[in-house]
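Asker: Following is a predicted model, sequence given first.
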Amino acid sequence: MQAVNYTNARNNLKTLIDDACDNDEEIIITTKNDKSVVLISLDEYNRTHAALKREVQESIKEIERGDIIGIEEAFDKVLAKYEN
């Protein structure tokens, strides 16, 4: 991952886009007023988006099946194992 300021990014945009697309590089672009963005390829965005969508759908299915336990029950289970 590389970080560049806005001026550098503006002056070298094609190179940064090529790095993001050809090398799966993630580039942080910063401004003087502490605003930042991350430049990633569309392919990386689509992979990440698809993975998150799958994880959310699986989590919803787990909740619907009742496979999720509450925080109190989880804490009690961890505490019981620690005490043994």
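Answerer: Done, it's in.

Asker: what about the residue nearest to Thr31 when sequence neighbours are not counted, neighbour count?
Answerer: Excluding its sequence neighbours, the residue lying closest to Thr31 (Cβ to Cβ, 6 or more residues apart in numbering) is Tyr6, at 4.8 Å. All C-beta atoms are positioned from the backbone trio N, CA, C, and that covers glycine. By other Cβ atoms under 10 Å, 15 other residues sit near Tyr6.

Asker: so how far is Arg65 from Tyr6?
Answerer: To Arg65, Tyr6 is 48 Å away according to Cβ to Cβ, to the nearest Å.

Asker: Show me the helices in the chain, by range?
Answerer: Using DSSP state H, the helices of the chain run over residues 6-11, 13-23, 42-65, 71-83.

Asker: on that earlier part again, show me the contacts for the residue nearest to Thr31.
Answerer: Tyr6 is in contact with 29-32, counting by Cβ atoms under 8 Å, 6 or more residues apart in numbering.

Asker: Name the nearest of the residues you listed relative to Ala51.
Answerer: Nearest to Ala51 among the contacts of Tyr6 is Ile29, at 23.7 Å by Cβ to Cβ.

Asker: what's across from the closest one in the sheet?
Answerer: Val4, Val37 (DSSP bridges).

Asker: Figure out which of the helices of the chain is closest to Ser36.
Answerer: Among these, helix 6-11 comes nearest to Ser36, with 9.6 Å by Cβ to Cβ.

Asker: what mean pLDDT does that closest one have?
Answerer: The average pLDDT for helix 6-11 rounds to 97.

Asker: Selection in ChimeraX covering whichever of the contacts of Tyr6 are buried, please.
Answerer: One line in ChimeraX is enough to select the buried members of the contacts of Tyr6, burial here meaning 16 or more other Cβ atoms under 10 Å:
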select :29
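
Asker: Which members of the contacts of Tyr6 define the maximum pairwise distance?
Answerer: Using Cβ to Cβ, the two most remote members of the contacts of Tyr6 are Ile29 and Lys32, lying 12.0 Å apart.

Asker: Which residues are in contact with each of the two?
Answerer: Applying Cβ under 8 Å, 6+ apart, one finds that Ile29 and Lys32 are jointly contacted by 5-6.
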